[in-house]
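Student: structure of the sequence below:
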Amino acid sequence: MKTFKDLKFIRHTYGGICATHEFPNKFSISVAAGKFPYSTPREDLDSEKDYSSFEVALLNPDGDFVTGELLQSIDDVCGWCGREDINNMMELIAEQ
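Tutor: Below is the predicted model of the structure:
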């Protein structure tokens, strides 16, 4: 199973970093950190190692947000998620 350590982060166009991963079931996870995402710290840094928490979005095969549905929250994104939280989300989305 894929985990946080398997994500490949790149510099995002708005600053900060981001990674996306599409699972075999065509669901996707997007993980971001920087000045604008809900991350710690909220600064544009160069590496995922510089952050302790991240903003996460989960998407279905059509590209629609399913974060709220799968995590039983009201938002399209989940902020301030730690690495273990993201591992749990990756396991959940892989099982859809």
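
Student: what residues of the biggest helix by length in the chain count as buried?
Tutor: Using DSSP state H, we find that the single longest helix of the chain is helix 83-94. Of the residues in helix 83-94, 83, 85, 86, 87, 89, 90, 93 count as buried by neighbour count, 16 or more other C-beta atoms under 10 Å. For glycine as for every other residue, the C-beta is placed from the backbone atoms N, C-alpha and C.

Student: give me phi/psi at the residue nearest in space to the middle of the chain?
Tutor: Nearest residue to the geometric centre of the chain (C-alpha atoms, centre = their mean): residue 31, 2.3 Å. Per-residue torsions, residue 31: phi -120, psi 130 (degrees, to the nearest 10).

Student: what do you get for residue 11?
Tutor: Main-chain torsions, residue 11, degrees, to the nearest 10: phi -70, psi 130.

Student: could you count how many residues lie near the residue nearest to it when sequence neighbours are not counted?
Tutor: Distances taken as C-beta to C-beta, 6 or more residues apart in numbering place residue 17 nearest to residue 11, at 6.1 Å, with adjacent residues excluded. Other residues near residue 17 come to 23 when the count uses other C-beta atoms under 10 Å.

Student: can you name the residues bridging to residue 17?
Tutor: Counting by DSSP bridges, residue 17 forms beta bridges with residue 11, residue 33.

Student: how far off centre is the longest helix of the chain?
Tutor: 9 Å (C-alpha atoms, centre = their mean, to the nearest Å).

Student: got the contact list for it?
Tutor: Under the contact criterion C-beta atoms under 8 Å, 6 or more residues apart in numbering, helix 83-94 has outside partners 1-4, 21, 23-25, 27-29, 31, 54, 56, 58, 70-71, 78, 81.

Student: thinking again about what came up before, kindly reformat the buried residues of helix 83-94 as JSON lines containing pLDDT and distance to residue 37.
Tutor: Formatted as JSON lines, the buried residues of helix 83-94 follow (pLDDT from 0 to 100; distance: C-beta to C-beta, whole Å):
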{"residue": "83", "pLDDT": "98", "distance to residue 37": "15"}
{"residue": "85", "pLDDT": "97", "distance to residue 37": "14"}
{"residue": "86", "pLDDT": "98", "distance to residue 37": "13"}
{"residue": "87", "pLDDT": "98", "distance to residue 37": "18"}
{"residue": "89", "pLDDT": "97", "distance to residue 37": "15"}
{"residue": "90", "pLDDT": "97", "distance to residue 37": "18"}
{"residue": "93", "pLDDT": "95", "distance to residue 37": "19"}
